[in-house]
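Asks: Based on what follows, work out the 3D shape:
(chains A, B and C)
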Amino acid sequence: MEFINNIFVNIAGLCRAVFAWLVGLLHLPDVLVDIAMVAVYWLAIVVVCVLCALFYVVWERKLAGYIQRRPGPNRLGPNGWLQTIGDAIKLVMKEDIVPDGADKPIHLLAALLAFVPPMLALAAMPFGEGMTALDLDLGVVYIMAVTTLASLPVLCAGYASNNKYAMMGALRVVNQAISYEVPQALAILSVVLVAGTFNLNGIIDFQTGHVWLILLQPVAFVVYLISALAECNRAPFDLPEGESELTAGVFTEYSGMRYALFYLAEYCNMFVAAGLATTLFLGGFTGPFLPGWVWFLLKTFVIMSLFIWVRWTLPRIRADYVLRFCWKVLVPLMLVNLLVTGVIVYILV
Amino acid sequence: MTNNEVKTKAQVAAAMTKIAGVAAIEGTDCEYTVEASALIQAAEYLLGAGYEFLADITAVDYLAAGHFRLLYQIANYHNGDIITLKLDIPREAAEADSLCGVYAAANWLEREVYDMFGIKFAGHPDLRRILMWDGYEGWPLRKDFVQQPNKYQGRRRLD
Amino acid sequence: MSENGNAYSERYTLNLGPQHPSTHGVLRIVADFDGETCISADPVIGYLHRGMEKLLESRTYPQGLPYTDRLDYLAGVNNNLPLALAVEKLLGVEIPERASLLRMLTCEIMRLASYMVGIGIYIMDLGAVSGVFYPFQQREYALEVMSALCGARMTQGYIRFGGVQADWNDEAEAALDVLYKELPPFIEMYHKLIDENEIFLRRTKGVGVITAERAKSYALTGPNLRASGVDYDLRRDAPYCLYDRFTIKVPVQQAGDCHARYAQRMLEVEEILKLIKAIHAALKETEPGKIMGAVPKMLRPPAGEAYAQTENPKGIMGCLVASDGKGVNPLRVHFRRPSFDNIAIFSELMPGHKVADLIAIIASFDIVLGEIDG
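Replies: Model (predicted):
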């Protein structure tokens, strides 16, 4: 079990050793080893992220099917699990339509840039013991800063499409993203206040030493999940892509591979949010018997399933209620939470 | 105008026949022929008598007899009595007064009659086609309607 | 352009439809918006106009009957009935009791099926997509009954001039028993799922309020009218067929908003089930076999005009038949379509609401475009 727990750390160590030997052999500067390792880490993150997104595409549809009394995809592959391959092939084979008056470079760039914020955030995510590509002392702040960027490509997409529906969707995205940053930040701040550190591995150590932070900060957990849903534009906050109101909203003019990019990016964003939730509240990669990274994946799976369950059950909230709910309910609630947490921490420590 | 009392058909008959231009049709107790000038007066009386439900306005093209017949079905929200007003108008000068000032439902019903028969309603705030598109030529439900063959309009260019 | 203090905002025109997932068909609403608030709304219809009234003038009476199913295609038999009643009024023919009861039974079953679509699509348009699958399962049970009875699920053409097409059989009896078993737990589950949902209440309460006065002036009918406080149901107040034999309880809501229209339909579903059971019991007491009155082979109704109204799932449907006494084709057939009159109120109702409210309003009206365009 120790071996499997550390398998990826060992592989990384092996890669580093190979690069160091190559560099020594070819008499190249030592810094190339680090650069090569960065490339390896980046590749690993991309692979993990994309694989998870592909998995969750099928899982979402199957779970939606079970909620709706129907089987979901069950044709492609054993019980339908290879559905994503079919989806990917279909979307790639579609005609790439860009509307006449659209801003063509930004139209494409928005789709590509949608992947950047989740990749940046996953760089600092502790996947397992010693498996953090970028173990920053301000890891929490870094991830918060980077996830804010996730709404920019959507805004660009809405602007570049030259379409009223898309424009309305883009405006709603900006509304939501800016507003729900605040309760999310306050929730994370409450956790940091209890754990005493911004370092993600440090927060996990705190939870190993004491108790999972979800038990100490239940309100912050719920508010964090709500804010994460809003940041990811998932129902009940999926107004930007308000399917039954604005046809496809921001993504009206995106078809084929460009749409696929946004679609996958949405799952990557959700994965980041779920990963952060497990790290901050559910103890990260710790757990008995199984290797750390397996626990991490299992916990994110539970949170993602929760996201999917909420999406397929609740109706959509109206645009002005979204903002009203954020500023009049969540922010005061989190401020009170922060105050109470601060007082208790001061008294007990 | 709210009126909780709905007058019975006999009471309506007594008051309607007093209006100049309205005559009861023999053999029925709720159908009346109305002259063009008496239409609005009759409708206003019916509204006041508790018949607030303008169920239908439609037209029948009696080509052989040379006139359109406009039929107004006015009912109430209490029982099943339906008062029918029949108005004959000549085909060459197909015009009638609009009931939009009396019943709000008349708006779309009269637009449909205009669209299908070409009957103009004086006083209608927004008389335009409703089922056919705006540039359509012809009045489809007239008996002498000959459909224009579909014209090829050429390829629309954006320049 | 409007000025809110120092902010500059521009009015823009948005087309909701005709291609749109939530306009229940090809309805187009040309709406002017200032930000997210609607300033004016103009419904444009006619995208599904098939010229039914003109077509019926060149068909014989029985040939024209199946066309009517396609008006409110969610409840086929309910549309056959006004045409049949109007022509039978002209002919002066008497309908056997069993045929009348069968007509009423099938109309109520399809009314149930139509309501299931209405409330399912309503909650789907608000965003909770899963909420459409459960009512559609109930609709399946209702359609199974119709399929067993007359062979067609959706557009049945079951009601004919003088009676009905086929007699009640054991298969339909078994299918109806399944419906009796499955519907009450569904109603309870749906109440638990939707009624207290905070988001649903926020989206529908106070939205699209229609006062009783405006409803009456715009000739609104059906559940939309009863949700605004006007207690009028043709089956109870102006009974046709044999409805006067049954006690029909008519629920009424006072609020007149989208939530009231939803609550109205849910309450009416329970009443429909009771009515189906009562009609079914009465049907079992009549002798099987007599389902068609004495009607000549070639229908030539005497000259005149007849107008008949029935209570359809969407409202009051009326049919005017004018005959010239000589031909086998009608001179004029006109349908008073409930959804057509229902949506005339949109241009007065929608201004002042947000985009999302427009969708909620359209969904709460439960319209079907086949009926609006004819």
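
Asks: what's around residue B:32, how many residues?
Replies: Using other CB atoms under 10 Å in any protein chain shown, the number of residues around residue B:32 comes to 24. All C-beta spots, glycine's among them, are computed from the backbone N, C-alpha and C.

Asks: let me fix that: residue C:314
Replies: Residues near residue C:314, counting by other CB under 10 Å, number 31.

Asks: residues in contact with the residue nearest to it when sequence neighbours are not counted?
Replies: Sequence neighbours aside, residue C:338 is the residue nearest to residue C:314 in space, at 4.4 Å (criterion: CB to CB, 6 or more residues apart in numbering or on different chains). Residue C:338 makes contact with C:221, C:222, C:312, C:314, C:315, C:316, C:317, C:371, according to CB atoms under 8 Å, 6 or more residues apart in numbering or on different chains.

Asks: Residue A:157: which of the residues you listed is nearest?
Replies: residue C:371 (38.5 Å; CB to CB).

Asks: As a check, name the ranges of all strands in the stretch 151-300 of chain C.
Replies: C:159-160, C:163-164 (DSSP state E, counting those that start in this stretch).

Asks: what packs against the first one?
Replies: Secondary structure elements in contact with strand C:159-160, counted by 3 or more CB pairs under 8 Å, 6 or more residues apart in numbering or on different chains; DSSP states H and E, are helix C:61-69, helix C:76-91.

Asks: go with 10 Å
Replies: Judged by 3 or more CB pairs under 10 Å, 6 or more residues apart in numbering or on different chains; DSSP states H and E, strand C:159-160 is in contact with helix C:61-69, helix C:76-91, helix C:97-125.

Asks: Contacts for it next, please.
Replies: Applying CB atoms under 10 Å, 6 or more residues apart in numbering or on different chains, the contact partners of strand C:159-160 are C:61-62, C:65, C:68-69, C:76-85, C:99, C:102-103, C:106-107, C:150, C:165-166, C:291-293, C:295.

Asks: Would you mind writing the ChimeraX command to select the buried ones in those residues?
Replies: Those of those that meet the burial criterion (16 or more other CB atoms under 10 Å in any protein chain shown) are gathered into one ChimeraX selection, given here:
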select /C:61,62,65,68,69,76,77,78,79,80,81,82,83,84,85,99,102,103,106,107,150,165,291,292,293,295
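
Asks: Quick one: distance of the top helix by length along chain A to the chain centre.
Replies: The longest helix of chain A (DSSP state H) is helix A:31-67. Offset of helix A:31-67 from its chain centre (CA atoms, centre = their mean, to the nearest Å): 11 Å.

Asks: buried ones in that helix?
Replies: Within helix A:31-67, the residues that count as buried by 16+ other CB under 10 Å are A:33, A:36-37, A:40-41, A:44-45, A:48-49, A:52-65, A:67.

Asks: same for chain C: which of the residues you listed are within range?
Replies: Contacts with chain C within the buried residues of helix A:31-67, counted by CB under 10 Å from any CB of the partner chain: A:64, A:65, A:67.

Asks: Export those to JSON lines and append columns for pLDDT and distance to chain B.
Replies: Shown next, in JSON lines, are those (pLDDT from 0 to 100; distance: CB to the nearest CB, whole Å):
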{"residue": "A:64", "pLDDT": "92", "distance to chain B": "39"}
{"residue": "A:65", "pLDDT": "91", "distance to chain B": "41"}
{"residue": "A:67", "pLDDT": "90", "distance to chain B": "41"}
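
Asks: ok, how many other residues are close to residue B:150?
Replies: 6.

Asks: quick check, it in a helix?
Replies: No. If the criterion is DSSP: H, G, I helix; E, B strand; the rest coil, then residue B:150 is coil and not within a helix.

Asks: before we move on, which element is the closest residue to chain A within the stretch 101-250 of chain C in?
Replies: Distances between the stretch 101-250 of chain C and chain A by CB to the nearest CB are smallest at residue C:127, namely 2.8 Å. Counting by DSSP states H and E, no helix or strand carries residue C:127.

Asks: quick one: it from residue B:114, how far?
Replies: Counting by CB to CB, to the nearest Å, the separation of residue C:127 from residue B:114 is 39 Å.

Asks: More neighbours: those two, which one.
Replies: Neighbour count, other CB under 10 Å: between residue C:127 and residue B:114, residue C:127 has more, with 26 against 21.

Asks: gap between the residue nearest to that one when sequence neighbours are not counted and residue A:238?
Replies: Nearest non-adjacent residue to residue C:127, counting by CB to CB, 6+ apart: residue A:316, 2.8 Å away. Distance of residue A:316 to residue A:238, computed by CB to CB: 6 Å.

Asks: got a list of what residue C:46 touches?
Replies: Residue C:46 neighbours (CB under 10 Å, 6+ apart): B:112, B:115, B:129-134, B:136, C:18, C:26, C:28, C:369, C:372-374.

Asks: switch to 6 Å and redo it
Replies: B:131, C:373 (CB atoms under 6 Å, 6 or more residues apart in numbering or on different chains).

Asks: How about the one 3 residues further on?
Replies: Counting by CB under 6 Å, 6+ apart, residue C:49 makes contact with B:131, C:373.

Asks: Give me the nearest residue to residue A:116, chain neighbours excluded.
Replies: Distance criterion CB to CB, 6+ apart; nearest residue to residue A:116, sequence neighbours excluded, is residue A:149 at 7.3 Å.

Asks: Tell me, how many residues neighbour the one you found?
Replies: Neighbour count of residue A:149, defined by other CB under 10 Å: 15.

Asks: still on that earlier bit, quick check: the residue nearest to residue C:314 vs residue C:184, distance?
Replies: 28 Å.

Asks: which non-adjacent residue is nearest residue 120?
Replies: As the question left the chain open, I've gone with chain A. Distances taken as CB to CB, 6+ apart put residue A:146 closest to residue A:120, at 4.4 Å, once the chain neighbours are dropped.

Asks: hmm, I had chain C in mind actually
Replies: Excluding its sequence neighbours, the residue lying closest to residue C:120 (CB to CB, 6+ apart) is residue C:135, at 3.6 Å.

Asks: for residue A:188, same thing?
Replies: Of all residues not flanking residue A:188 in the chain, residue A:140 sits nearest, at 5.8 Å (CB to CB, 6+ apart).

Asks: residues touching the closest residue to residue C:219 other than its chain neighbours, list them.
Replies: Nearest residue to residue C:219 in three dimensions, chain neighbours excluded: residue B:105, at 3.5 Å (CB to CB, 6+ apart). By CB under 6 Å, 6+ apart, residue B:105 lies in contact with B:54, C:218, C:219, C:341.

Asks: Out of those residues, grab the one that's most surrounded.
Replies: residue C:219 (30 neighbours).

Asks: pretty sure that residue is touching residue C:342, no?
Replies: No. With contact defined as CB atoms under 6 Å, residue C:219 does not count as touching residue C:342 (8.6 Å).

Asks: ok, residue A:72 - contacts?
Replies: With contacts defined as CB under 6 Å, 6+ apart, residue A:72 is in contact with A:61, A:62, A:65.

Asks: got a pLDDT number for the second one?
Replies: The predicted structure scores residue A:62 at 92 on the pLDDT scale.

Asks: Likewise for residue B:89?
Replies: Residue-level pLDDT assigned to residue B:89 equals 94.

Asks: In which helix or strand does it reside?
Replies: Using DSSP H and E, residue B:89 falls in strand B:82-90.

Asks: And the helices in chain B?
Replies: Using DSSP H, the helices found in chain B span residues B:9-16, B:39-48, B:106-117.

Asks: so can I have a markdown table of these showing mean pLDDT?
Replies: As requested, these are arranged in a markdown table below (pLDDT from 0 to 100):
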| stretch | mean pLDDT |
| --- | --- |
| helix B:9-16 | 86 |
| helix B:39-48 | 92 |
| helix B:106-117 | 94 |
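
Asks: Between these, which one is closest to residue B:60.
Replies: Residue B:60 sits nearest to helix B:106-117 of all these, at 9.2 Å, using CB to CB.

Asks: now the end-to-end length of stretch A:229-237.
Replies: From its first residue to its last, stretch A:229-237 covers 7 Å (CA to CA, to the nearest Å).
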